[in-house]
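Asks: Pasting a predicted model and its sequence here:
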Amino acid sequence: MNLLATPSVQSIRGNPELLKTIWNTVEPDLKDVETYLTTGRSPKYDPIKILGRWKFDVNGVVRARRRAKPNMTSKEAQAERVFIGATFGKATLVAMPDNQVVIKNIPGLKLPANAAQGNLQTLQGQWKDAGNGYQVSISGQDVPATVEGDRLTIKGEGMDLVFNPAD
């Protein structure tokens with residue numbers, strides 16, 4: 001009953017259009033929803049590793065860049081960590097079951113060397129299964145993506161984007 005009294009649940013209950021959308025989404029997968037609520041696992045969606053909310057992993061990107069350039073000095077790595085953290089640190093990605101993908105708080109794809117964080121944007125696109133990974137299509141670009149353990153990596157032209165599951 002406490003849950004039903006919360007303002008967020010009250011706003012949903014007071015919005016018939018939203019209730020209809022939620023019901024139309026849940027109804028075809030009622031058994032899967034019940035299993036998920038009971039076990040924390042979804043037989044239908046768990047195999048699709050890209051699904052969910054992801055947060056940008058600054059350290060993961062720096063590690064990938066150091067692997068690509070093994071002679072990078074510690075000073076260079078620290079400078080990259082500061083730059084990448086300042087420009088991409090707030091980026092998040094959401095991959096949805098309807099094959100839609102949204103990347104929020106990401107700077108423009110062509111960054112000047114002194115890019116301001118105020119130039120953040122939201123990009124929308126699609127993802128699809130590509131056999132041994134995924135293909136993400138955003139802004140007319142098709143790029144490969146992989147999920148290994150708790151890391152989503154999107155291969156970029158100048159820099160790979162690395163994400164971890166959002167809390």
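Replies: Yes, it's here.
Asks: Which of the helices or strands spans Thr21?
Replies: Using DSSP states H and E, Thr21 sits in helix 16-26.
Asks: Work out for me the element the residue nearest to Ala130 when sequence neighbours are not counted sits within.
Replies: Nearest-residue entry for Ala130: Pro144, 6.7 Å, with adjacent residues in sequence omitted and distances by C-beta to C-beta, 6 or more residues apart in numbering. Using the backbone N, CA and C atoms, a C-beta is placed for each residue, glycine as well. According to DSSP H and E, Pro144 maps onto strand 141-148.
Asks: In terms of secondary structure, what does that strand contact?
Replies: strand 134-138, strand 151-154 (3 or more C-beta pairs under 8 Å, 6 or more residues apart in numbering; DSSP states H and E).
Asks: strand partners of the last one, parallel vs antiparallel please.
Replies: According to DSSP bridges, strand 151-154 has the following sheet partners: strand 141-148 (antiparallel), strand 161-165 (antiparallel).
Asks: who wins for proximity to Thr25 among these?
Replies: Closest to Thr25 of the strands paired with strand 151-154, according to C-beta to C-beta: strand 161-165, at 21.7 Å.
Asks: what angle do that closest one and strand 134-138 make?
Replies: Angle of strand 161-165 versus strand 134-138, following axes from the mean of the first three to the mean of the last three C-alpha atoms, to 10 degrees, is 110 degrees.
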